[in-house]
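S.K.: Sequence below, structure please.
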Amino acid sequence: METRTRRVPTALTAVLFGAAFGFLLSWGQFTSPDRIREMLLFEDLYLYEMMFSAMAIGFIGIRLLRRFHVRALVSGDLVAWVTERPARHHVAGAFLFGLGWAVTDSCPAPIAGQLAQGVWWSIATLAGVFVGIELYLRWQERGVRAREPESPRVSAEPAAQH
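M.R.: The predicted model follows:
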């Protein structure tokens, strides 16, 4: 007899988890530009404490899920990942992320919460995120085109008869 598990649609799950995540970011004051600025200037360690405690719980939790061969609730896939050594593009991405964070007093996650709270200049931050994504995609596309072999040229002259 075949057993089928009923799964919640992915889009609905994403909306529910996204709303919960946004609420928790706002409640934890991660959407406050003043709180973020104080964190970046090392004047207030509250957000660091929140982030590091969440990372510790996540680090332990994800390893326990993998160790006990747990499957993801939405997709049913085994919890797994691939580890790779940091490369130059990781360092460059981290630098750009940190630079954007320092300039805007925000990272991508709290932007929606800031918009919902009426932080009007977060529209500029959101625009910066979209511009960055567009530039990255164009850069990736240019790299792919540069690696593609050139197509053979078609000559207008008939091929020589042997």
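S.K.: Tell me where the chain is predicted with low confidence.
M.R.: 1-8, 149-162 (pLDDT under 70).
S.K.: how about a cut-off of 80?
M.R.: Scanning the chain for pLDDT under 80 picks out 1-8, 105, 143-162.
S.K.: Quick one: the helices in it, in order.
M.R.: According to DSSP state H, the chain carries its helices in the segments 10-27, 33-40, 46-67, 88-104, 111-116, 122-147.
S.K.: Give me the helices and strands touching the first one, please.
M.R.: For helix 10-27, the contact count by 3 or more C-beta pairs under 8 Å, 6 or more residues apart in numbering; DSSP states H and E identifies helix 111-116 as packing neighbours. The C-beta positions use only the backbone N, C-alpha and C, and glycine is treated the same way.
S.K.: same deal with the longest one?
M.R.: In terms of contacts (3+ C-beta pairs under 8 Å, 6+ apart), helix 122-147 is packed against helix 88-104, helix 111-116.
S.K.: Could you provide the helices of the chain in TSV, with additional columns for mean neighbour count?
M.R.: Shown next, in TSV, are these (neighbours: other C-beta atoms under 10 Å):
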stretch	mean neighbour count
helix 10-27	12
helix 33-40	16
helix 46-67	12
helix 88-104	12
helix 111-116	19
helix 122-147	12
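S.K.: mind checking which of the ones you listed is nearest residue 80?
M.R.: Checking these against residue 80 by C-beta to C-beta gives helix 46-67 as the closest, at 6.1 Å.
S.K.: counting contacts, what elements does that closest one pack onto?
M.R.: Helix 46-67 packs on helix 33-40, going by 3+ C-beta pairs under 8 Å, 6+ apart.
S.K.: who touches the helix it packs on?
M.R.: The contact list for helix 33-40 (C-beta atoms under 8 Å, 6 or more residues apart in numbering) reads 29-30, 44-48, 101-102, 105-106, 114, 119.
S.K.: now it, how far from the centre of its chain.
M.R.: 21 Å (C-alpha atoms, centre = their mean, to the nearest Å).
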